[in-house]
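[1] sharing a model prediction with you, sequence too.
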Amino acid sequence: MRDWLIHLRRGEYASLQTQIREALVSAILDRNLDQSEPIPSTRRMAKSLGVSRNTVVLAYQGLLDDGYLVARERSGYYVADKALADNAPNKRPVKPRPQQQSNVAWEKRLKHQPTALEIWVKPLDWQNLPYPFIYGQVDHNLFPLAEWRECNRQALGKKWLGAWTNDTWSADDPLLVEQIRRRILPRRGIMASDDEILVTLGAQNSLFILGELLVDGNTRVGMEEPGFPDVRHIFALHTNAITPIKVDDQGLTLSPDLDKVDLAFTTPSHQFPTTVTMPLERRMALLAKAREKDFIIIEDDYEFETNYVNEPCPALKSLDDDGRVIYVGSLSKTTFPGLRLGFMVGPKKLIAEARALRRLMVRHPPNNNQRTAALFLSLGHHDTLIRRLHKAYRERWEIMGKALDRHMPLSAHSPTFGGTAYWVRGPERIDSEVLQQEALKKGIFIEPMRLTFAAKNQPRNFFRLAFSSIADEKIEPGIKLLAETAKTLK
């Protein structure tokens, strides 16, 4: 039986019977009652509301007479098909639900208002678009669904029942930590112990935790310009002292502005969003400056698994002899973004505090997801997926590069690292947000990059074209159509 709570107001102008009837009619018309389930019996409803059973019987009888309910022998009362058909949304006027009035001045009570921050908006139905040049999504045809399903089946089996049903408080899945330590980190040249690793709900969760632990109103933060806007927003919740540090064709520059920061954020392997890679010499110089000026570095090793062009450059963390680099990684970019699993690597003291803070926030990431990902790694499926992605992305990288040269010449430099997107600089006359709206009308999705700039006069002609989730044969036609659309803009 469905539990149903109705709040009756005794002494109101309407009788109790009328209030019961109105509440049920509203629930039926708003489709809040499932036709496959019976509504509460008259006896149960009367007991729940503290009224006589006759009051409920009369209300139900009226609804039966008016065709809102049907009675089934030995089963109960159900919503009538006719009631929903006669009151389909296109057959009855929509009566707006009265808004609850609040006497609380929330704008004075809220310490932060994240809704005031400009964020990217992406269509949830992007898969229905002919040309989805959308970043961060996966091509389902490349993902080993059968292998993931088998890992999930094993993870949920009786053998590991306690591993995923128990509340582990602040502990991580030991098998996943082992796989990160033995399989993921050595590829970046990083050696770490278990107590220097924390599993998080994606890289952004890691960055939020670090913002909470390391940044307050007196902290001076250096951010790449252009850079990841969500990270800038995270730091801005705690400090106004955010200094944009210019990016050149070798990544974060060693600007004199770095001398004044307490914390620097960088994406050296594959700079977000320009795609440039910081060479070894610049990395060593950045570490030397951090040591000299006594600041901490947060290294977001963005897309580190999608280097299919050159030999990988060692992570900043692997070159750090002074314990100044905090490493942030993600499993979502190579598996699927909905997984929401990432990790951070840092000194034991920092990781202990991050673990304690995470416990206050979410306790721990879902154990079933952790164990499934751990098995996916341990059984070699992740390595196989990486090789498959490298082959597919390499082909799309080349197709897109040739298409841009043909249809939008001199607009983009080919990423030397690889990755999954091109950083495109359109003509100065182009507003990429206007171009996005016009392109969307033709089934093309692109991502304007204005928000990656912190400067007051943000350039509006940059945008990103990603190829991780678009079929090879659609890349050139999409770019050709995009170029034609751009020519029509004044």
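    Ah, there it is.
[2] mind exporting stretch 52-60 as CSV, just the C-alpha atoms?
    Output of stretch 52-60 as CSV, limited to C-alpha atoms (Å, rounded to 0.1, in the frame of the first residue of the first chain):
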residue,chain,number,x,y,z
SER,A,52,-13.6,9.1,11.1
ARG,A,53,-13.7,6.4,8.4
ASN,A,54,-17.0,7.7,7.2
THR,A,55,-15.4,11.0,6.2
VAL,A,56,-12.9,9.2,4.0
VAL,A,57,-15.5,6.8,2.6
LEU,A,58,-17.6,9.8,1.5
ALA,A,59,-14.6,11.5,-0.1
TYR,A,60,-13.6,8.3,-2.0
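[3] all strands for the stretch 201-350 of the chain, in order.
    Here the stretch 201-350 of the chain has its strands, by DSSP state E, counting those that start in this stretch, at 221-225, 242-248, 251-252, 263-266, 296-300, 325-330, 342-345.
[4] and residue 174, what does it touch?
    residue 194 (CB atoms under 8 Å, 6 or more residues apart in numbering). Every residue, glycine included, has its C-beta placed from N, CA and C.
[5] er, residue 475 actually
    396, 399-400, 403, 467.
[6] with residue 289 instead?
    Residue 289 sits next to 254, 258-259 when contact means CB under 8 Å, 6+ apart.
[7] gap between it and residue 326?
    Distance of residue 289 to residue 326, given as CB to CB, to the nearest Å: 16 Å.
[8] so where's the chain shaky on pLDDT?
    For the chain, applying pLDDT under 70 flags the ranges 1-5, 11-13, 86-101.
[9] before we move on, back to that, so which of the strands of the stretch 201-350 of the chain comes closest to residue 123?
    When these are compared by CB to CB, strand 325-330 sits nearest residue 123, at 22.6 Å.
[10] using TSV, lay out the strands of the stretch 201-350 of the chain together with mean neighbour count and distance to residue 272.
    Putting the strands of the stretch 201-350 of the chain into TSV (neighbours: other CB atoms under 10 Å; distance: least, CB to CB, whole Å) gives the following:
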stretch	mean neighbour count	distance to residue 272
strand 221-225	24	7
strand 242-248	17	10
strand 251-252	24	10
strand 263-266	25	10
strand 296-300	25	7
strand 325-330	26	12
strand 342-345	26	15
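[11] these: which one's closest to residue 202?
    strand 342-345 (4.4 Å).
[12] the closest one: how far from the chain's middle?
    16 Å (CA atoms, centre = their mean, to the nearest Å).
[13] and it, what does it pack onto?
    With contacts taken as 3 or more CB pairs under 8 Å, 6 or more residues apart in numbering; DSSP states H and E, strand 342-345 sits against strand 197-200, helix 203-214, strand 325-330, helix 348-361.
[14] mind putting the ones you listed in TSV, distance to residue 490 included?
    Formatted as TSV, those follow (distance: least, CB to CB, whole Å):
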stretch	distance to residue 490
strand 197-200	46
helix 203-214	38
strand 325-330	41
helix 348-361	49
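[15] looking at those, which is closest to residue 157?
    Taking CB to CB, strand 197-200 is the member of those nearest to residue 157, at 21.3 Å.
[16] what pairs with the closest one, parallel or antiparallel?
    Next to strand 197-200 in the sheet, as set by DSSP bridges, lie strand 342-345 (antiparallel).
[17] by contact count, what packs against the longest helix along the chain?
    Counting residues, the longest helix found in the chain (DSSP state H) is helix 381-407. With contacts defined as 3+ CB pairs under 8 Å, 6+ apart, helix 381-407 has these neighbours: helix 145-155, strand 421-425, helix 472-487.
[18] if we use 6 Å, what do you get?
    With contacts taken as 3 or more CB pairs under 6 Å, 6 or more residues apart in numbering; DSSP states H and E, helix 381-407 sits against helix 472-487.
[19] got the angle between the helix it packs on and helix 381-407?
    40 degrees (axes from the mean of the first three to the mean of the last three CA atoms, to 10 degrees).
[20] now helix 472-487, how far from the centre of its chain.
    Per CA atoms, centre = their mean, the centroid offset for helix 472-487 relative to its chain is 27 Å.
[21] same question for it: list its buried residues.
    Buried residues in helix 472-487, defined by neighbour count with 16 or more other CB atoms under 10 Å: 474-476, 478-479, 481-483, 485-486.
[22] residue contacts, residue 397?
    Contacts for residue 397 (CB atoms under 6 Å, 6 or more residues apart in numbering) come out as none.
[23] please repeat the previous calculation with a cut-off of 8 Å.
    308-309, 414-415, 418-419, 467.
[24] do the same with residue 143
    By CB under 8 Å, 6+ apart, the contact list for residue 143 reads 335-336, 385.
[25] hmm, 7 Å instead?
    Residue 143 is in contact with residue 336, counting by CB atoms under 7 Å, 6 or more residues apart in numbering.
[26] that one sits in which helix or strand?
    Assigned by DSSP states H and E, residue 143 belongs to no helix or strand.
[27] need phi/psi at it.
    phi -80, psi 130 (degrees, to the nearest 10).
[28] still on that earlier bit, just flag the most distant two among the contacts of residue 397.
    309 and 467 (14.0 Å).
[29] neighbour count winner among the two?
    residue 467 (28 against 16; other CB atoms under 10 Å).
[30] excluding covalently adjacent residues, which one is nearest to the more buried one?
    residue 396 (4.1 Å; CB to CB, 6 or more residues apart in numbering).
[31] kindly report the same for residue 304.
    Nearest to residue 304 is residue 269, by CB to CB, 6+ apart, at 5.1 Å.
[32] ok, that neighbour - how many residues close by?
    By other CB under 10 Å, the residues close to residue 269 number 26.
[33] ok, now which ones touch it?
    Residue 269 touches 277, 301-302, 304, 313, 417, counting by CB under 7 Å, 6+ apart.
[34] for the residue of the chain most remote from its centre, what are phi and psi?
    For the chain, the residue at maximal distance from the C-alpha centroid (CA atoms, centre = their mean) is residue 54, at 52.6 Å. The phi/psi pair for residue 54 (degrees, to the nearest 10) reads phi -60, psi -40.
[35] tell me the spacing between it and residue 401.
    Taking CB to CB, one finds residue 54 at 78 Å from residue 401.
[36] ok, and the most crowded of the contacts of residue 475?
    residue 467 leads the contacts of residue 475 on contacts (other CB under 10 Å) with 28 neighbours.
[37] returning to that earlier point: let me have the buried residues of helix 472-487 in TSV, extended by distance to residue 156.
    Formatted as TSV, the buried residues of helix 472-487 follow (distance: CB to CB, whole Å):
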residue	distance to residue 156
474	37
475	38
476	43
478	40
479	43
481	45
482	44
483	49
485	48
486	50
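[38] closest to residue 454 among those residues?
    Once CB to CB is applied, the member of these that ends up nearest residue 454 is residue 486, at 26.0 Å.
[39] list the contacts of that closest one.
    Neighbouring residues of residue 486 by CB under 7 Å, 6+ apart: 426, 430, 435.
[40] nearest to residue 199 among the contacts of residue 475?
    For these, the nearest to residue 199 is residue 467 (29.4 Å; CB to CB).
[41] which ones are touching that closest one?
    By CB under 7 Å, 6+ apart, the residues touching residue 467 are 133, 396-397, 400, 420-421, 475.
[42] one more: residue 297?
    So residue 297 contacts 264, 266, 290, 316, 324-325 (CB under 7 Å, 6+ apart).
[43] wait, isn't residue 207 in contact with residue 329?
    No: in this structure residue 207 lies outside contact range of residue 329 using CB atoms under 7 Å: 11.5 Å.
[44] if we can go back for a sec, which of the helices and strands packed on strand 342-345 sits closest to residue 77?
    Of the helices and strands packed on strand 342-345, nearest to residue 77 by CB to CB is helix 348-361, at 44.2 Å.
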